[in-house]
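Enquirer: this one's structure only:
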């Protein structure tokens, strides 16, 4: 419970975004609706709105990332905020400075928002618990725990193609065990009332606990993909694997790699998604990744709109400000 | 004019179209685009757009991202996407809103328009030009002028039918 409350202010508005868990359908819908408006900003000749002028955003990346960091930076830029990205592997923590000391130093530079990516689950929560009252935190991926903005951009992409969630069959395929993306997607899809949610993959990569989250588990692609509207492929996270969870990559591709042939049992208008970066020929064939049903690059564009929406929501809801000003 | 009895909106729209037509003619503008500001301004613009038979589709603007009170009021939950179905560059624009009061909405709208391109000119048309300006902005064309106190508020109800109502805030 404390975990959930931490994200919301006393008015029930978003103060931090740490996980999808504990957010209500209304929160998610508000973010998706707002992102819809930000999606048009990319079409302006000046791709910028002055909304967060004067706000300072720090990207704290304890784990490398290209796409996520770049879209957070661009999102901040498009909102006219000042943004600084710090790659922690090369900064003061390597000189022995503690995380909290570093945070307090950054706070002393009057920043308003930390975007945090960390290899440890719970890192963003820890930071959110210790920041000053005027500072917000957005989780950009923590260990195996959560990646809420990725899940939101996926929901945004699905909604743009399929409108309503309640009649949809969605399959998440691959390494669910190590995937913070999958965990956040499952929470988001359940919260938005998805029709049916399936998890497909080898026994070693699907935690049994997901069945308690309303996921129907399949170990066979043909069965699992039958009649689905949305196929979400996950990246095989080789760097997070210890021990023999997997056969060879070749065998994995043969059984769980998405090919045109396997995709044929899904609905003819099914969309194919992947959070990236994709391992071509491991979890997905190039012909599918680049094919007509793939919306993988759209997901990237949508990520920008979602991150703009989340940033402006948490920064527009600072404690101590009155809510619901109407007059202009 | 004091607001004892408010006129019919259709009557004001008729006057505005006539004024707009003669203003456009006086300025030698034939090829114009119209943009309404959400929400009331879009309702007014829809009517004017039809009456003036403007060939370019109507543009709509939500100025929420350009407001100057974000740090005080936060994000509005009901933001609608702006939609400008034409290029702004070198166009003569008619900007339409329902009520002109402080001038801050128009300031925000102009900033947003300029982020889409550099228009040749912008005309401002409002249904009601009321007192209370805080910025050096005035309407080129208006349906009516009203002198109201700071506690009084004029509101356009719509979209169908359009009507004006006067409220007094007593809090």
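Expert: On my side now, so go ahead. What you see is a predicted model; the values in this text were computed from it and never measured.

Enquirer: Which element, helix or strand, includes residue 48?
Expert: Going with chain A. Residue A:48 is part of no helix or strand, with elements assigned from DSSP states H and E.

Enquirer: Chain B, not that one
Expert: Here residue B:48 is assigned to helix B:40-51, by DSSP H and E.

Enquirer: Is any residue of the following helix or strand past that helix near chain A?
Expert: Using DSSP H and E, the helix or strand that directly follows helix B:40-51 along the chain is strand B:59-61. No. Using CB under 8 Å from any CB of the partner chain, strand B:59-61 never reaches chain A; the gap is at least 10.6 Å. Backbone N, C-alpha and C define where each C-beta goes, glycine included.

Enquirer: got the phi/psi numbers for residue 33?
Expert: Chain wasn't specified; assuming chain A. With angles defined as degrees, to the nearest 10, residue A:33 sits at phi -60, psi -40.

Enquirer: that's the wrong chain, I meant chain B
Expert: phi -120, psi 150.

Enquirer: Show me what it is bridged to.
Expert: residue B:93 (DSSP bridges).

Enquirer: mind listing what it touches?
Expert: Listed by CB atoms under 8 Å, 6 or more residues apart in numbering or on different chains, the contact set of residue B:33 reads B:54, B:56, B:59, B:86, B:88, B:91, B:92, B:93, B:94.

Enquirer: one more time with 10 Å, if that's ok
Expert: B:49, B:54-59, B:84-88, B:91-95, B:119 (CB atoms under 10 Å, 6 or more residues apart in numbering or on different chains).

Enquirer: So which residues of the chain form helices?
Expert: No chain in the question, so chain A it is. Using DSSP state H, the helices of chain A run over A:2-7, A:25-38, A:67-78, A:99-108, A:123-130, A:148-162, A:180-191, A:221-225, A:249-256, A:260-263, A:286-289, A:296-315.

Enquirer: ah, no, chain B please
Expert: For chain B, applying DSSP H gives helices covering B:9-26, B:40-51, B:70-73, B:104-116.

Enquirer: Reformat those helices as a markdown table; add mean neighbour count.
Expert: Shown next, in a markdown table, are those (neighbours: other CB atoms under 10 Å in any protein chain shown):
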| stretch | mean neighbour count |
| --- | --- |
| helix B:9-26 | 16 |
| helix B:40-51 | 22 |
| helix B:70-73 | 17 |
| helix B:104-116 | 21 |
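
Enquirer: ok, for residue 112, nearest residue in space, not its chain neighbours?
Expert: Assuming you mean chain A. Nearest non-adjacent residue to residue A:112, counting by CB to CB, 6 or more residues apart in numbering or on different chains: residue A:55, 4.7 Å away.

Enquirer: nope, chain B
Expert: Per CB to CB, 6+ apart, closest to residue B:112 is residue B:66, 4.8 Å.

Enquirer: ok, back up a step: any idea how far the residue nearest to residue A:112 is from residue A:82?
Expert: 7 Å (CB to CB, to the nearest Å).

Enquirer: Let me have the helices of chain A in TSV, adding mean neighbour count and mean pLDDT as columns.
Expert: Shown next, in TSV, are the helices of chain A (neighbours: other CB atoms under 10 Å in any protein chain shown; pLDDT from 0 to 100):
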stretch	mean neighbour count	mean pLDDT
helix A:2-7	14	68
helix A:25-38	20	94
helix A:67-78	21	94
helix A:99-108	14	89
helix A:123-130	20	94
helix A:148-162	24	98
helix A:180-191	24	97
helix A:221-225	18	96
helix A:249-256	16	90
helix A:260-263	16	97
helix A:286-289	17	97
helix A:296-315	23	95
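
Enquirer: With distance to residue B:134 as added columns, please give these in CSV.
Expert: Formatted as CSV, the helices of chain A follow (distance: least, CB to CB, whole Å):
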stretch, distance to residue B:134
helix A:2-7, 37
helix A:25-38, 26
helix A:67-78, 28
helix A:99-108, 35
helix A:123-130, 38
helix A:148-162, 37
helix A:180-191, 43
helix A:221-225, 60
helix A:249-256, 63
helix A:260-263, 59
helix A:286-289, 54
helix A:296-315, 25
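
Enquirer: In JSON lines, list those helices along with distance to chain B.
Expert: Formatted as JSON lines, these follow (distance: least, CB to the nearest CB, whole Å):
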{"stretch": "helix A:2-7", "distance to chain B": "16"}
{"stretch": "helix A:25-38", "distance to chain B": "4"}
{"stretch": "helix A:67-78", "distance to chain B": "10"}
{"stretch": "helix A:99-108", "distance to chain B": "18"}
{"stretch": "helix A:123-130", "distance to chain B": "19"}
{"stretch": "helix A:148-162", "distance to chain B": "12"}
{"stretch": "helix A:180-191", "distance to chain B": "17"}
{"stretch": "helix A:221-225", "distance to chain B": "34"}
{"stretch": "helix A:249-256", "distance to chain B": "39"}
{"stretch": "helix A:260-263", "distance to chain B": "32"}
{"stretch": "helix A:286-289", "distance to chain B": "30"}
{"stretch": "helix A:296-315", "distance to chain B": "5"}
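
Enquirer: Touching, residue A:300 and residue A:42? I think so.
Expert: No. The pair residue A:300 / residue A:42 is not scored as a contact, 11.6 Å apart, by CB atoms under 10 Å.

Enquirer: bridging residues for residue A:137?
Expert: residue A:114.

Enquirer: so who does it touch?
Expert: Residue A:137 sits next to A:6-7, A:15-18, A:60, A:103, A:113-116, A:123-131, A:314 when contact means CB under 10 Å, 6+ apart.

Enquirer: returning to what we had before: isn't the residue nearest to residue B:112 up against residue B:79?
Expert: No. In this structure, residue B:66 is not within contact of residue B:79 by CB under 10 Å, at 11.1 Å.

Enquirer: Quickly note the distance from the closest residue to residue B:150 other than its chain neighbours to chain A.
Expert: Closest residue to residue B:150 apart from its sequence neighbours, by CB to CB, 6+ apart: residue B:132 at 6.7 Å. Distance of residue B:132 to chain A, given as CB to the nearest CB, to the nearest Å: 11 Å.

Enquirer: tell me the contacts of residue B:132?
Expert: By CB under 10 Å, 6+ apart, the contact set of residue B:132 is B:99, B:100, B:101, B:102, B:103, B:146, B:147, B:148, B:149, B:150, B:152, B:153.

Enquirer: Let me know how buried the fifth one is, in neighbour terms.
Expert: The one in question is residue B:103. 18 (other CB atoms under 10 Å in any protein chain shown).

Enquirer: Give me the helices and strands touching the helix-or-strand element of chain B with minimal mean pLDDT, please.
Expert: Sorting the helices and strands of chain B by mean pLDDT, DSSP states H and E puts helix B:70-73 at the bottom, at a mean of 74. Judged by 3 or more CB pairs under 10 Å, 6 or more residues apart in numbering or on different chains; DSSP states H and E, helix B:70-73 is in contact with helix A:296-315.

Enquirer: other SSEs contacting the helix it packs on?
Expert: Packed next to helix A:296-315, using 3+ CB pairs under 10 Å, 6+ apart, are helix A:25-38, helix A:67-78, strand A:113-118, strand A:136-142, helix A:148-162, strand A:271-273, helix A:286-289, helix B:70-73.

Enquirer: what about 8 Å?
Expert: With contacts defined as 3 or more CB pairs under 8 Å, 6 or more residues apart in numbering or on different chains; DSSP states H and E, the packing partners of helix A:296-315 are helix A:25-38, helix A:67-78, strand A:113-118, strand A:136-142, helix A:148-162, strand A:271-273.
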